[in-house]
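Provided below are the primary sequence and the corresponding predicted coordinates.
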Amino acid sequence: MIREYGWAPVGQLWRRRESNLPSGKKTLIFQGEHYGVWRLAEHIPRNVESPYFNLQWKLAFEASTGRGRSPWYQDKKLKPHTVAVSLEAFLESDESAGFQGGVRYFFGHRIDAP
């Protein structure tokens with residue numbers, strides 16, 4: 001079906017990505033890579049100033065780690081520099097080492113796929 005619409009390059013990219021995924025397992029994908037707290041923490045600062053910044057990324061990070069992100073705001077406005085500093089500190093912390101790629105978490109607790 002991909003070929004019918006001239007989307008062959010998309011299909012080729014998907015097959016390349018798919019070959020790097022574990023077979024027989026449900027795998028979470030975020031922005032074309034394994035989903036994970038680390039991926040969110042790396043992605044958010046790079047995109048926080050974009051007009052297309054998705055608040056769901058922030059909410060997913062909060063829910064996964066259990067860490068509130070209200071300090072990211074001042075006078076109800078998102079502060080990109082504060083976001084970047086906060087997430088950089090998280091990535092360098094011992095806490096971040098406990099999160100594995102491709103795994104979902106809820107308030108720091110691992111949620112195994114069914």
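That came through fine.

Might one say that His43 is in contact with Glu33?
No: applying C-beta atoms under 8 Å as the test, His43 and Glu33 come out as separate, 9.1 Å apart. C-beta: built from backbone N, CA, C; applies to glycine.

any idea how far the residue nearest the centre of the chain lies from Pro71?
Nearest to the mean C-alpha position of the chain, by C-alpha atoms, centre = their mean, lies Leu40 at 2.8 Å. Taking C-beta to C-beta, to the nearest Å as the measure, Leu40 falls 17 Å from Pro71.

In this structure, where is pLDDT below threshold?
Applying pLDDT under 70 to the chain flags the ranges 1-7, 20-27, 32, 113-114.

top helix in it by residue count?
Criterion DSSP state H: the longest helix present in the chain is helix 80-92.

Quick check: what element follows that helix along the chain?
Later in the chain than helix 80-92, the nearest helix or strand by DSSP states H and E is strand 104-106.
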